[in-house]
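Q: Predicted model and sequence follow; I will ask about them next.
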Amino acid sequence: MITAHLDSDDVARTPMIAPSLLSADFARLADEVARVADADWLHVDVMDAHFVPNLTLGRPVVEAIHAVSPVPLDCHLMIEAPERWAPGYAELGSRNVTVHAEACTGDPRDVARDIRAAGALAGLALKPGTPLERYEEVLRDFDTLLVMTVEPGFGGQAFMAEVLPKVRRARELVDTGHLQVLVEVDGGINADTIAQAAEAGADVFVAGSAVYGADDPSRAIAALRDLATPAAG
Ligand SMILES: O=C(CO)[C@@H](O)[C@H](O)COP(=O)(O)O
């Protein structure tokens with residue numbers, strides 16, 4: 001059985017920028033994917049109108065995006081019953097597939113195992129109000145921890161700085177426990193907020209409107225990386 005894991009390059013503490021396709025023009029997806037070829041990952045938000053009050057796209061569209069994307073896909077499943085659907089997003093070739101802890105009906109470690117067995121890294125996402133303490137024990141069974149810095153569902157919301165202590169605690173757990181886990185932040189990340197998130201210990205920065213709302217997404221990605229790098233320490 002092939003099981004995906006992070007390699008040493010992934011955990012080198014180099015800030016990774018993952019533009020969120022949610023802020024792209026859905027009528028021109030292939031072009032919008034090509035505009036962020038300089039990114040580290042392409043973040044794809046899958047929403048089911050149940051777990052979150054919004055509906056986006058599903059596996060056939062993600063498969064089509066994967067076929068044209070020059071960068072690895074980072075699929076964020078904001079859906080109910082993730083244990084049923086997550087392995088399919090791994091099988092299509094995604095680099096990372098993240099499920100919400102709040103949506104898992106069983107042990108989240110079982111979903112992580114199935115995602116990895118299907119060939120992707122496994123991510124665990126937490127809403128702003130979900131305590132990390134509840135999931136500290138399962139962290140070592142995941143490759144990424146996505147800390148939501150807005151309520152999931154929509155792009156263009158304001159960054160919730162009150163979530164930063166959770167990012168700091170995640171960094172501490174990863175460092176002291178020597179865990180091979182990337183800390184990812186998602187929501188309201190832009191030129192004004194990315195340094196705070198980097199200083200708190202994030203490795204991966206999802207940015208939707210800050211990248212797709214820019215005239216030149218490549219320059220926006222480079223600028224975000226530059227702002228995160230000194231703050232990451
Ligand atoms: O998952 C989500 C929203 O639920 C995010 O990925 C947003 O798409 C980020 O957009 P910005 O806050 O960066 O505009």
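A: Good, I have the coordinates. This is a predicted model, so every value here is computed, not measured.
Q: In this protein, what residue lies closest to the ligand?
A: Gly208 (2.8 Å; CB to the nearest ligand atom). All C-beta atoms are positioned from the backbone trio N, CA, C, and that covers glycine.
Q: if I read this right, that residue contacts Gly156, doesn't it?
A: Yes. Taking contacts as CB atoms under 8 Å, Gly208 lies within contact range of Gly156: 7.2 Å.
Q: These two: which is more packed in?
A: More crowded of Gly208 and Gly156, by other CB atoms under 10 Å: Gly208, with 26 against 13.
Q: contact partners of the lowest-mean-pLDDT helix or strand in the chain?
A: In the chain, the helix or strand scored least confidently by mean pLDDT, DSSP states H and E is helix 217-232, which has a mean of 95. For helix 217-232, the external contacting residues (CB atoms under 8 Å, 6 or more residues apart in numbering) are 13-15, 17, 19, 35-39, 189-191, 194-199, 202-203, 205, 207, 210-211, 214.
Q: how about whichever strand or helix holds His43 against the ligand, any contact?
A: His43 is located in strand 42-47, with elements delineated by DSSP states H and E. Yes. Against the ligand, strand 42-47 shows contacts by CB under 6 Å from any ligand atom at His43, Asp45.
Q: which strands and helices sit next to that strand?
A: strand 16-19, helix 59-68, strand 73-78 (3 or more CB pairs under 8 Å, 6 or more residues apart in numbering; DSSP states H and E).
Q: go again using 10 Å as the cut-off
A: strand 16-19, helix 29-34, helix 59-68, strand 73-78, helix 82-91, strand 96-100, strand 182-186, strand 204-207 (3 or more CB pairs under 10 Å, 6 or more residues apart in numbering; DSSP states H and E).
Q: follow-up on the earlier one: out of the contacts of helix 217-232, which sit inside helices?
A: Ile194, Ala195, Gln196, Ala197, Ala198, Glu199, Ala210, Val211 (DSSP state H).
Q: In JSON lines, list the residues you listed along with pLDDT.
A: Shown next, in JSON lines, are the ones in helices among the contacts of helix 217-232 (pLDDT from 0 to 100):
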{"residue": "Ile194", "pLDDT": "98"}
{"residue": "Ala195", "pLDDT": "98"}
{"residue": "Gln196", "pLDDT": "98"}
{"residue": "Ala197", "pLDDT": "98"}
{"residue": "Ala198", "pLDDT": "98"}
{"residue": "Glu199", "pLDDT": "98"}
{"residue": "Ala210", "pLDDT": "98"}
{"residue": "Val211", "pLDDT": "98"}
